[in-house]
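Student: From the sequence below, what's the structure:
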Amino acid sequence: MKKCIYCRCDVTADAGREHVIPQSFGVFKPDLTLNCVCRTCNGYFGSKLEWPMLIESIEGGRRLQFGLKGTVGGIGTKGVMPTVAEGDDWKGARTRIRTEKDGTESTEVLPQVGARRNASDPWEWVLAHELTTEFADRYPKGSEFRIVGGNDEADNDRIVQKLIAVCTTFVYGGKMNPPFSGDGKVMLHVETQTSRVVGRCLCKIAFNYMAMTCGDTFALARDFDQMREFIRNDVGDEMGRVFVKHKPIIAQEILSGQRGTDGHVLTVEGRPADSTLEIQLTLFNSIPYRIPMTRNYIGHRFAQGHHFSLESGEVSELKTTYAGPDFDPPISSGSSSAKFD
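Tutor: Coordinates of the predicted model:
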């Protein structure tokens, strides 16, 4: 009986199959799945790693651009903050981006208060539940306030009453026009920070890909125990797990300086010269990452990669050749790197 590559429990017949890339990031042919992840680990990954990544990462935001159902941002969301990027009265206000199952896109302005001392200061925005006397005390009499968001007049009235309660100098000045232009659209600015849970999800996708390309027996090696514990049990330092690359993964994009795909790209490279086995990963060809699986690799030198096309839904293998260290310098100095065409 197969052993789970994450917890080493027996994988029963009813375990289902683990997708190398979560289906929430696209459905592809062939459907690359693993039969070496147990039911418990599979369920844990879906709720504890994949779901947070959908709503708290730049990749979660990118998926909405391709009509995949979901929401990014919102009250309580960590790691990603979509804000209004235009309009003097609304600029900086926090929003939630949503795409429905039929592909309909919408942007919702969250209920919140903005304040500034004078016209030359930037707005400071706080959500309704964050509105406190400490916030109000920073803005003396004569400061400007903005109340935005909410679904109806009742939401607006609740925020007004709460603001009056914490800021006695507040004077209600009437309604503002929304920032949306004639076509019903508004420019957004999205800030993101890779949280620990998103980092663990990226590592899980990388670990799945290693198991698919190198085999589940290979993935069960003790050399990968630290990464395994980080992914499955949230154990260990997150430093040194995920690195953002300065260059794209695909060689033509490095040479041309132009994006050649919006699809996902995953590669695996074994480098005995520096004892490293490393995964390169980018979803929606947005942020390219390097994820070292182990620094104790003693196998043969190899490289392999796959492209997941969002346009056709097809998975194809990339052509790989080896390049010198100056082409795209790896994290560890003095070693070579593969390039992917």
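Student: C-alpha from now on. contacts and neighbour counts both.
Tutor: Fine.
Student: okay, and for the stretch 201-341 of the chain, where does confidence drop off?
Tutor: Scanning the stretch 201-341 of the chain for pLDDT under 70 picks out the ranges 322-341.
Student: can you pull out the strands in the stretch 151-300 of the chain?
Tutor: 188-192, 243-244, 264-271, 276-282, 289-294 (DSSP state E, counting those that start in this stretch).
Student: got JSON lines for those, with mean neighbour count and distance to Lys29 too?
Tutor: Output for the strands of the stretch 151-300 of the chain, formatted as JSON lines (neighbours: other Cα atoms under 10 Å; distance: least, Cα to Cα, whole Å):
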{"stretch": "strand 188-192", "mean neighbour count": "15", "distance to Lys29": "31"}
{"stretch": "strand 243-244", "mean neighbour count": "14", "distance to Lys29": "28"}
{"stretch": "strand 264-271", "mean neighbour count": "24", "distance to Lys29": "13"}
{"stretch": "strand 276-282", "mean neighbour count": "24", "distance to Lys29": "18"}
{"stretch": "strand 289-294", "mean neighbour count": "23", "distance to Lys29": "24"}
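Student: So for Asn118, which of those strands sits nearest?
Tutor: strand 188-192 (23.3 Å; Cα to Cα).
Student: Could you list the domains of the chain?
Tutor: 18-64, 70-192, 196-340 (automatic domain parsing).
Student: Any chance of the strands of the stretch 151-300 of the chain in CSV with distance to Ala206 as columns?
Tutor: Formatted as CSV, the strands of the stretch 151-300 of the chain follow (distance: least, Cα to Cα, whole Å):
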stretch, distance to Ala206
strand 188-192, 21
strand 243-244, 13
strand 264-271, 8
strand 276-282, 6
strand 289-294, 7
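Student: So which of these is nearest Ser316?
Tutor: Per Cα to Cα, nearest to Ser316 of those: strand 264-271, 9.9 Å.
Student: quick one, the closest one and strand 289-294 angle?
Tutor: If you take axes from the mean of the first three to the mean of the last three Cα atoms, to 10 degrees, strand 264-271 sits at 40 degrees to strand 289-294.
Student: what helices or strands is strand 264-271 leaning on?
Tutor: Judged by 3 or more Cα pairs under 8 Å, 6 or more residues apart in numbering; DSSP states H and E, strand 264-271 is in contact with helix 196-214, strand 276-282, strand 302-308.
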